[in-house]
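A.B. asks: Task: produce atomic coordinates for the following.
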Amino acid sequence: MHAMKDKQEFRGLKGLKKQRRIQIIALAALALISMVSVIYFFVPSTALNFFRSPSEVVSAPPPADEVFRIGGLVVEGSIQRGAGTEVAFEVTDTNATVPVRYTGILPDLFAEGQGMIALGRMEGEVFIATEVLAKHDETYMPKEVVDALKEQGVYQEPES
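C.D. replies: Numbers count the residues shown, from 1 in each chain. Presented below is the predicted three-dimensional model:
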């Protein structure tokens, strides 16, 4: 009789362990769903900045309120300094060119003929940049710029 009682207690403990395991799995799944929901609904869509090449901007202009990144090569002879920290230049992927205006301090390595990426939005035909990034050494070019130039068939590997 005592052995039968021990067996029933063991089955009861086994059932509790299984029930506890199911509760923990359900709680973990609920927490995961909650985190994904918070990220999806509360992270602003402006936090996602898509990259576009000049050809993509010219062929399918984005809406005026869309913030995105544009990248390519700074056109030779296109840099024009304005009053204070205002600067205008053109960016190209060799198939299309987009004028860019920027107010701020340009990176030290920003130069004509070099790769760059800018963050901002279109105002009519002009890209208004809020941030400009330039290459950091003679062999680096932003990955998105390299990919866009390769897609156009004009990318040349830098000499080492």
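A.B. asks: Look up how far residue 39 lies from the closest residue to residue 107 other than its chain neighbours.
C.D. replies: Of all residues not flanking residue 107 in the chain, residue 134 sits nearest, at 4.1 Å (Cβ to Cβ, 6 or more residues apart in numbering). Just so you know, the C-beta spots here come from the backbone N, C-alpha and C atoms, and that holds for glycine as well. Relative to residue 39, residue 134 is positioned 32 Å away (Cβ to Cβ, to the nearest Å).
A.B. asks: out of the two, which sits in the busier spot?
C.D. replies: Neighbours were counted for residue 134 and for residue 39 using other Cβ atoms under 10 Å; residue 134 has more, 19 against 9.
A.B. asks: That one is in contact with residue 112, isn't it?
C.D. replies: No: Residue 134 sits out of contact with residue 112 when judged by Cβ atoms under 8 Å, with a separation of 11.2 Å.
A.B. asks: Could you tell me which residues make contact with the nearest residue to residue 123 once chain neighbours are set aside?
C.D. replies: Spatially, and ignoring its direct neighbours in sequence, residue 123 is nearest to residue 64 (6.7 Å; Cβ to Cβ, 6+ apart). Contact analysis of residue 64 by Cβ atoms under 8 Å, 6 or more residues apart in numbering lists 121, 122, 123.
A.B. asks: what does residue 26 give?
C.D. replies: Contacts of residue 26 by Cβ under 8 Å, 6+ apart: none found.
A.B. asks: how far away is it from residue 150?
C.D. replies: According to Cβ to Cβ, residue 26 and residue 150 sit 48 Å apart.
A.B. asks: and if you look at residue 75?
C.D. replies: Counting by Cβ to Cβ, the gap from residue 75 to residue 150 is 19 Å.
A.B. asks: the more surrounded of the two?
C.D. replies: In terms of neighbours (other Cβ under 10 Å), residue 75 is the more surrounded of residue 75 and residue 150; the figures are 19 against 10.
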